[in-house]
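>>> Next comes the sequence, and after it the predicted model I'd like to discuss.
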Amino acid sequence: MKNSLSVWTLGAFTFTAVVGTLLHFLYQWTGFLALAPFCAVNESTWEHMKILFFPMLLFTLIQGKFFANTFPNYWSVKFVGTLIAVLLVPLLFYTYNGAFGKSPAWVNIAIFFLSAGIGYLVEFFLFKKEERKPASPVAPVLLFCLLTALFILWTFFPPLLPLFQDPVTGSYGLTV
């Protein structure tokens with residue numbers, strides 16, 4: 001199972017890297033409004049958190065078909081890994097910008113990949129601990145639902161906070 005876990009973790013990272021990169025550009029390329037809740041609609045930090053969250057969530061659902069019965073704490077581990085990854089995006093971005101000024105594009109891209117990598121490494125090590133204590137999936141599933149709702153809602157009605165402001169245009173959320 002440990003070798004399988006390594007393969008799944010590498011697959012999860014690859015999936016998230018590819019899908020997240022596509023989600024960065026997909027709305028801009030298509031202008032298809034139905035994609036807006038899942039794609040970056042501007043260059044705000046929030047939108048970069050969103051394009052990391054949704055591939056991780058999708059992979060969680062896919063992997064759950066194979067792992068949820070093997071790991072009684074599956075949903076808790078996946079939520080912790082996803083939350084850490086998503087929170088690392090603003091943490092690393094604002095830390096870098098605070099220390100060095102405006103970050104070049106390659107740093108922002110590296111932050112995305114580093115955040116995903118760390119999130120999946122956390123999951124890997126938590127699964128590897130092989131804790132077999134049953135953990136109810138209710139709380140993490142509800143928290144995944146809450147984050148999903150917030151990412152969708154705040155795409156269209158973002159709070160007027162710097163996290164949600166597009167640094168290029170100065171706008172907030174989806175501008176049609």
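Thanks, I have the structure now.
>>> mind showing which ranges of this structure have poor pLDDT?
Residue ranges of the chain with pLDDT under 70: 1-3, 130-132, 134, 176.
>>> Going by residue numbers, what spans are helices in it?
Per DSSP state H, the chain carries helices over the ranges 2-30, 45-67, 74-100, 105-128, 138-156.
>>> what does the last one rub up against?
What that stands for is helix 138-156. 36-37, 41, 46-47, 49-50, 53-54, 57, 60, 75-76, 78-79, 82-83, 86, 164, 173-174 (CB atoms under 8 Å, 6 or more residues apart in numbering). Any C-beta I mention is one placed from the backbone N, CA and C, and that applies to glycine too.
>>> cool, stretch 72-85 as well?
Stretch 72-85 has contacts (CB under 8 Å, 6+ apart) with 52-53, 56-57, 60, 63-64, 67-68, 71, 115-116, 118-120, 122-123, 126-127, 131-135, 137, 139-141, 143-144, 147.
>>> filter the contacts of helix 138-156 to the buried ones?
Listed as buried from the contacts of helix 138-156 are 36-37, 41, 46-47, 49-50, 53-54, 57, 60, 75-76, 78-79, 82-83, 86, 164, 173-174; burial here means 16 or more other CB atoms under 10 Å.
>>> Check the helices of the chain for me and report the most buried one.
Highest mean neighbour count of the helices of the chain: helix 45-67, a mean of 20 (counted as mean count of other CB atoms under 10 Å).
>>> and that one, what other elements does it pack with?
Packing partners of helix 45-67 (3 or more CB pairs under 8 Å, 6 or more residues apart in numbering; DSSP states H and E): helix 2-30, helix 74-100, helix 105-128, helix 138-156.
>>> same thing but at 6 Å, please
For helix 45-67, the elements it packs on are helix 2-30, helix 74-100, judged by 3 or more CB pairs under 6 Å, 6 or more residues apart in numbering; DSSP states H and E.
>>> Now tabulate the ones you listed in JSON lines and tack on distance to residue 106.
Output for the helices and strands packed on helix 45-67, formatted as JSON lines (distance: least, CB to CB, whole Å):
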{"stretch": "helix 2-30", "distance to residue 106": "14"}
{"stretch": "helix 74-100", "distance to residue 106": "11"}
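>>> for the ones you listed, which one sits closest to residue 109?
With CB to CB as the criterion, residue 109 lies closest to helix 2-30 of those, at 8.6 Å.
>>> Between helix 45-67 and that closest one, find me the angle.
Helix 2-30 runs at 140 degrees relative to helix 45-67, counting by axes from the mean of the first three to the mean of the last three CA atoms, to 10 degrees.
>>> In terms of secondary structure, what does helix 2-30 contact?
helix 45-67, helix 105-128.
>>> Those helices into TSV, with extra columns for distance to residue 14?
Output for these, formatted as TSV (distance: least, CB to CB, whole Å):
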stretch	distance to residue 14
helix 45-67	10
helix 105-128	10
